[in-house]
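> I'd like to go over a predicted model; first the sequence, then the structure.
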Amino acid sequence: MHRLRSTFLRSVLQACLALGLAVATQSEAVAQRAPASAVLDAPSVTAAYILNFIRFTEWPAAAGGKPVPATPEAPYVIGVAGNRELLDALIQITEGQRVRGHPLHVINVKSTDDLPACHVAYLAPPGGPYNDTTLRIPDALQALQGIPVLTFSTAPGFTRSGGVVQLFQEGQHLRFEIAADTARSLGLTIHSRLLALARPAPAP
């Protein structure tokens, strides 16, 4: 756990120096010790990206019947469907962390019933190396329709299907694509610098 936290803090420091924002650049550190094909599968890299997106995203005061955390002790809930390795990495990397005064709570999403309670949801693509669920991405996105949940996946075409952030590998780097219109329609406000760094999402 100490090694994971050290790697994460180093990536955040590098991003702060380069961008003035804590945008995760941990893929560079991972790429130094892993082949390019392994970068996208590194759970600690994906966990770092998700944590930093939470820090630079604002949720609406209330929408879809689910408000943002109402008290300082109410957590931001991060759901992970179909990736036990990422679930474990997020549990470790978020331990003791707070965002705008709120703790972070990571849950294992087993069905669509678990999703509306989340503020963030990672949906593993079918047939992924760590996929341990039968939850289908179209079913998950249908269950989240109109609810302000920041969704992530590495599944091709994720943003065209209604997801918000698609992570993809470019060389030895992990990049991201943001469906800005989808985020706005859900009441999510993503920091402009993240939007500037993202690959524009194609039209649905």
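That came through fine.

> Is Phe152 in contact with Gly163, as I believe?
Yes - if you go by Cβ atoms under 8 Å, Phe152 and Gly163 touch, sitting 7.4 Å apart. Where C-beta positions appear, they are placed from N, C-alpha and C, glycine not excepted.

> list residues touching both of the two?
Leu123 (Cβ atoms under 8 Å, 6 or more residues apart in numbering).

> His105 is in what secondary structure piece?
Mapping His105 onto the secondary structure by DSSP states H and E places it in strand 102-108.

> and the helix or strand that comes right after that strand, what other elements does it pack with?
Using DSSP H and E, the helix or strand that follows strand 102-108 towards the C-terminus is strand 120-123. Strand 120-123 is packed against helix 43-55, strand 76-81, helix 137-143, strand 150-153, with contacts defined by 3 or more Cβ pairs under 8 Å, 6 or more residues apart in numbering; DSSP states H and E.

> hmm, who's touching strand 120-123?
Residues outside strand 120-123 that contact it (Cβ under 8 Å, 6+ apart) are 46, 50, 53-54, 76-83, 86, 109, 115, 135, 137, 140-141, 144, 149-153, 155, 158, 163.

> Let's check: the centremost residue of the chain is which one?
Taking Cα atoms, centre = their mean, the centroid of the chain lies closest to Ile50, which sits 3.2 Å from it.

> isn't that residue right next to Phe152, touching?
Yes - using Cβ under 8 Å, Ile50 is in contact with Phe152, at 6.1 Å.

> Sketch out the low-pLDDT regions of the protein for me.
Where the chain drops to pLDDT under 70, the residues are 1-41, 62-68, 70, 72, 128-133, 203-204.

> Can you tell me how far Thr94 is from His119?
Separation of Thr94 from His119 (Cβ to Cβ, to the nearest Å): 12 Å.

> More neighbours: which of the two?
Higher neighbour count among Thr94 and His119: His119, with 24 against 21, using other Cβ atoms under 10 Å.

> shouldn't that one be in contact with Glu58?
No - in this structure, His119 is not within contact of Glu58 by Cβ under 8 Å, at 10.9 Å.
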